[in-house]
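*Asks:* any chance you could fold what I've pasted below:
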Amino acid sequence: MKHLILGSSGQIGAHFVDYLQSKGEQVTEYDIEYKEWQDLREVYNPTLESYIDTCDIVHFLAFDVGGAKYLEENQDKHQFIDNNMRIMTNTFSLLKNYNKPFIFASSQMAEMGYSSYGMLKSLGEKITRDLGGLVVKFWNVYGYETDPKKSHVITDFIKMAKHDGVIKMRTDGTESRQFLYADDACEALLILAKKYKKLNKNKNYCITSFEWNKVYEIAEVLDVLSSCKVIPADRKDETQRNAMNEPDPYIEKYWQPRTSLKEGIMKLYSLY
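*Replies:* So this is what the prediction gives:
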């Protein structure tokens, strides 16, 4: 298949490009970090139109987003909201014009109406369903990262454990999350792309581990690996407010996660 990856330098996109290439798939990358002119906030780009026209499927992974720290600092700012509104408006308009099969990457936070990021993703879901695309919801995907401004909790903890010998937590660590290793997320996306025509577009495709873990458990695994010191903070999580929305298990008809949290942390630890 010819895959167009919008957001090919992002947390999921970068891993997905490598994964697709390792499977012999044809990949076209598109990301402002990859090429400065590949800015989805801009209305007209004839090159993007030709990419959409000639691909078999579009993976709409592009969004202005980062980990909990990035969202806490930015999600209620005009620039953050405007960036994502323009990305969605321009991209969805092209997908509609070309009537191209596409997968929209949403988040479990789409169920959290108090979150600006969640509301934007929820809006994207509604537009996707109106256009006949496929919505996937990701739960806290983790993998190797290069942008410290947008890094996520597991990579943050690994870097602190390896380089500082101390994990200074942003919260008390009692909030629960479902974490998914990036390779597992990529496998799910490829399976859904291959089966796209036969899939029920009204179903929720939740790409997650289906296991709840508390954030302090990540620190405990790293403490065993590196004998680092762990310092919890006094504050509670304000980004997701420890919301524990249960994922729809429907996707398990087609895909199931392979990597446990401990295995994923150990794999990632070896890469840093």
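*Asks:* average pLDDT for the helix ranked longest in the chain?
*Replies:* Counting residues, the longest helix in the chain under DSSP state H turns out to be helix 78-98. Here the mean pLDDT over helix 78-98 is 97, rounded to a whole number.
*Asks:* just the helices from the stretch 151-272 of the chain, written as ranges.
*Replies:* Per DSSP state H, counting those that start in this stretch, the stretch 151-272 of the chain carries helices over the ranges 153-163, 182-194, 215-226, 261-271.
*Asks:* wait, which of those helices is closest to residue 57?
*Replies:* helix 182-194 (5.2 Å; C-beta to C-beta). All C-beta spots, glycine's among them, are computed from the backbone N, C-alpha and C.
*Asks:* quick check: buried residues in stretch 43-59?
*Replies:* Applying a neighbour-count criterion of 16 or more other C-beta atoms under 10 Å, the buried positions in stretch 43-59 are 45, 48, 51-52, 55, 57-59.
*Asks:* give me the neighbour count for residue 61.
*Replies:* Counted with other C-beta atoms under 10 Å, the burial measure for residue 61 works out to 25 neighbours.
*Asks:* in the longest helix of the chain, what's buried?
*Replies:* Taking 16+ other C-beta under 10 Å as the neighbour-count basis, helix 78-98 is seen to contain the buried residues 80-81, 83-84, 86-88, 90-92, 94-95.
*Asks:* is it possible to get a markdown table of the helices of the stretch 151-272 of the chain that adds mean neighbour count and mean pLDDT?
*Replies:* Rendered in a markdown table, the data for the helices of the stretch 151-272 of the chain read as follows (neighbours: other C-beta atoms under 10 Å; pLDDT from 0 to 100):
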| stretch | mean neighbour count | mean pLDDT |
| --- | --- | --- |
| helix 153-163 | 21 | 92 |
| helix 182-194 | 21 | 98 |
| helix 215-226 | 18 | 89 |
| helix 261-271 | 16 | 93 |
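*Asks:* can you tell me which of those helices is nearest to residue 13?
*Replies:* Ranking the helices of the stretch 151-272 of the chain by their distance to residue 13 (criterion: C-beta to C-beta) puts helix 182-194 first, at 9.9 Å.
*Asks:* gap between the closest one and the chain center?
*Replies:* What separates the centre of helix 182-194 from the centre of its chain is 12 Å, taken as C-alpha atoms, centre = their mean, to the nearest Å.
*Asks:* which other helices and strands does the longest helix of the chain contact?
*Replies:* Here helix 78-98 touches helix 46-54, strand 57-60, helix 116-131, going by 3 or more C-beta pairs under 8 Å, 6 or more residues apart in numbering; DSSP states H and E.
*Asks:* one more time with 7 Å, if that's ok
*Replies:* With contacts defined as 3 or more C-beta pairs under 7 Å, 6 or more residues apart in numbering; DSSP states H and E, the packing partners of helix 78-98 are helix 46-54, helix 116-131.
*Asks:* show me how far the shortest one is from its chain's centre.
*Replies:* Which is helix 46-54. Per C-alpha atoms, centre = their mean, the displacement of helix 46-54 from the mean C-alpha position of its chain is 24 Å.
*Asks:* counting by contacts, list what the helix or strand of the chain with the lowest mean pLDDT packs against.
*Replies:* Across the helices and strands of the chain, mean pLDDT, DSSP states H and E gives its lowest value to helix 215-226, namely a mean of 89. With contacts defined as 3+ C-beta pairs under 7 Å, 6+ apart, the secondary structure elements packing on helix 215-226 are helix 153-163, helix 261-271.
*Asks:* looking at those helices, which is nearest to residue 118?
*Replies:* Nearest of these (C-beta to C-beta): helix 153-163, 17.8 Å.
*Asks:* what residues does that closest one touch?
*Replies:* Defining contact as C-beta atoms under 7 Å, 6 or more residues apart in numbering, one finds that helix 153-163 is touched by 67-68, 142, 145, 166-168, 179, 215, 218-219, 222, 226, 228, 265, 268-269, 272.
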